[in-house]
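Colleague: Requesting a structural model of the entry that follows:
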Amino acid sequence: MSLRLNTNYNESEKSWEVELIGEVDINSKAALKDELIQLNDKRQSDFVFKCENLEYIDSTGLGVLISFYKNVKINNNTVHFEKLKPSILKIFTLTGLDRIFSIRN
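Modeller: Sure, this is the predicted structure:
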């Protein structure tokens, strides 16, 4: 399974909503990175990753998200993750990313 993204700028919340569908791994990391950079260049704001359809993430995918988080924080914006599946939440917890990212379920 590959990665698909649905993106939308939410005017009322002043944030990008990014729905992650499929797998974030070594095969999809470049496309994800490019898309996120384009969105942030278009409009710098908070990012909300909607993850209810995210099936898998590996260390390269986590690396992309950490790097992107650093770019977003430069402008005092935030990154939120919503509706992580238990197996993916466990990865965030084991790696300590649950203390860096805002996670909402």
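
Colleague: Pull out the buried positions in the longest helix seen in the chain.
Modeller: Scanning the chain for the helix with the most residues, using DSSP state H, yields helix 59-74. The neighbour-count check on helix 59-74 (16 or more other CB atoms under 10 Å) flags 60, 61, 62, 64, 65, 68, 69, 72 as buried. (C-beta placed from N, C-alpha, C; glycine too.)

Colleague: Distance check, the first one against residue 102.
Modeller: Taken as CB to CB, to the nearest Å, the spacing of residue 60 relative to residue 102 amounts to 22 Å.

Colleague: quick one on the thing from earlier: contact partners of the longest helix of the chain?
Modeller: 23-26, 28-29, 32-33, 36-37, 40, 44, 46-47, 49, 78-79, 91, 95, 97, 100-101 (CB atoms under 8 Å, 6 or more residues apart in numbering).

Colleague: ChimeraX command for the buried members of the residues you listed?
Modeller: A single ChimeraX command selects the buried members of these (16+ other CB under 10 Å):
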select :23,24,25,28,29,32,33,36,40,46,47,49,79,91,97,101
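
Colleague: Now, the contacts of helix 59-74 that are in helices?
Modeller: Short answer: the contacts of helix 59-74 in helices (DSSP H) are 29, 32, 33, 36, 37, 40, 91.
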